[in-house]
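1. Below: sequence and its predicted model.
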Amino acid sequence: MKEKIISCNGMNICTENFGKPGDPAILLIMGAMSSLDWWDEDFCSALASKGRFVIRYDHRDLGKSVVYEPGTSNYSITDLADDAIQVLDAYSLEKAHIVGMSMGGMVGQILAVRYPQRVLSLTLIASSVFGTEQEKLPPMDPKVLEHHAKNASIDWSDREAVIAYLADGWKTLAGSKPFEKERMYRLAEREVDRARQLQSRFNHALLGGGEEYYDRMGEIAVPAVVIHGTEDPALPYEHGKALARAIPHSQLISLKGSGHELHHIDWATIIESIARTSSPVENHR
């Protein structure tokens, strides 16, 4: 793993990469309020071992990337898509395979419409349709919102309390597979140790924009795979099914018993799917 801080438009974006730069490039885009740490290092290494050059990065207001004052809105979801392109430019990559989780999957959809010449394939994990159709789909489980409501009472100077809050947040997103407490706490520790300003993460709750890309998934022409847990409490399984219907010729892979998570039990399935979707043979059919 190698860290690379890139500078674009007067701000810094923190990236980390795995594998050989000459291999097919995979850009991992995490969801809202989630730093690059939640793409587990072992997951990234396993994907790189498939002959892929893997890049993960911190969105704005997360990790070691630029942070803004908590409670402020300084960018749109389209700006986050442009940030992804800046990451590719910094690595001198004309094109890449995009893997997006949750909000990262919506960023991926914008990328495929806004910059079709830069996207080779899409893998959308635990995501939903970017547009008005999402309003017709089942809502988020209240338990997820209840957990995030606790942030106002957290002592953000108390390292252990913050680690527990972050790790337990993933417990509210889990399905019926065993909660990986030890791994979640380890990843939360790394995020806390890396973060420049943890409370800025909640600026993502104010994220808007991108209306010009609503309901345009029918324009996506690259190979696309939708991966979704059948017990997702944040974006219920119907969101994954709707997304697969909206993208022409896409494939839906269901993770039985999984929630809004990258459960270790599912890694082999997810990694194999990404490797297959990003293979030269698949992309020249």
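-> Sure, I can see it. All values derive from a computational prediction rather than experimental measurement. Numbers count the residues shown, from 1 in each chain.
2. For the stretch 151-285 of the chain, which segments count as helices?
-> Applying DSSP state H, counting those that start in this stretch to the stretch 151-285 of the chain gives helices spanning 159-172, 181-194, 237-246, 267-277.
3. Dump the last one to PDB, keeping only the CA atoms.
-> Output in PDB follows, covering the C-alpha atoms of helix 267-277 (Å, rounded to 0.1, in the frame of the first residue of the first chain):
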ATOM      1  CA  TRP A 267     -15.500 -10.800  -0.100                       C
ATOM      2  CA  ALA A 268     -14.700 -13.700  -2.500                       C
ATOM      3  CA  THR A 269     -18.000 -13.200  -4.300                       C
ATOM      4  CA  ILE A 270     -17.500  -9.400  -4.600                       C
ATOM      5  CA  ILE A 271     -13.800  -9.600  -5.600                       C
ATOM      6  CA  GLU A 272     -14.400 -12.300  -8.200                       C
ATOM      7  CA  SER A 273     -17.300 -10.300  -9.700                       C
ATOM      8  CA  ILE A 274     -15.100  -7.100  -9.900                       C
ATOM      9  CA  ALA A 275     -12.200  -9.100 -11.400                       C
ATOM     10  CA  ARG A 276     -14.600 -10.700 -14.000                       C
ATOM     11  CA  THR A 277     -16.300  -7.400 -14.900                       C
END
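4. Just tell me which of the helices of the stretch 151-285 of the chain ends up closest to Ser35.
-> Of all those, it is helix 181-194 that lies closest to Ser35, at 4.9 Å by C-beta to C-beta. Quick note: C-beta positions are derived from backbone N, CA and C, even for glycine.
5. In PDB, list the C-alpha atoms belonging to that closest one.
-> Output in PDB follows, covering the C-alpha atoms of helix 181-194 (Å, rounded to 0.1, in the frame of the first residue of the first chain):
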ATOM      1  CA  LYS A 181     -17.000  -6.500  15.800                       C
ATOM      2  CA  GLU A 182     -13.200  -7.000  16.000                       C
ATOM      3  CA  ARG A 183     -12.700  -6.000  12.400                       C
ATOM      4  CA  MET A 184     -15.100  -3.000  12.600                       C
ATOM      5  CA  TYR A 185     -13.300  -1.700  15.700                       C
ATOM      6  CA  ARG A 186      -9.900  -2.100  14.100                       C
ATOM      7  CA  LEU A 187     -11.100  -0.100  11.000                       C
ATOM      8  CA  ALA A 188     -12.700   2.500  13.300                       C
ATOM      9  CA  GLU A 189      -9.400   2.900  15.100                       C
ATOM     10  CA  ARG A 190      -7.600   3.500  11.900                       C
ATOM     11  CA  GLU A 191     -10.100   6.100  10.800                       C
ATOM     12  CA  VAL A 192      -9.900   8.000  14.100                       C
ATOM     13  CA  ASP A 193      -6.100   8.000  14.000                       C
ATOM     14  CA  ARG A 194      -6.100   9.300  10.400                       C
END
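6. So which bits of that helix are buried?
-> Counting neighbours by 16 or more other C-beta atoms under 10 Å, one finds that the buried residues in helix 181-194 are Met184, Tyr185, Leu187, Ala188, Glu189, Arg190, Glu191, Val192, Arg194.
7. For the third one, list the residues it contacts.
-> Contact criterion C-beta atoms under 8 Å, 6 or more residues apart in numbering gives Asp37, Trp38, Asp40, Ala167 as the residues in contact with Leu187.
8. For these, could you give me JSON lines that also reports neighbour count and distance to Glu3?
-> Formatted as JSON lines, those follow (neighbours: other C-beta atoms under 10 Å; distance: C-beta to C-beta, whole Å):
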{"residue": "Asp37", "neighbour count": "24", "distance to Glu3": "12"}
{"residue": "Trp38", "neighbour count": "23", "distance to Glu3": "16"}
{"residue": "Asp40", "neighbour count": "19", "distance to Glu3": "16"}
{"residue": "Ala167", "neighbour count": "22", "distance to Glu3": "23"}
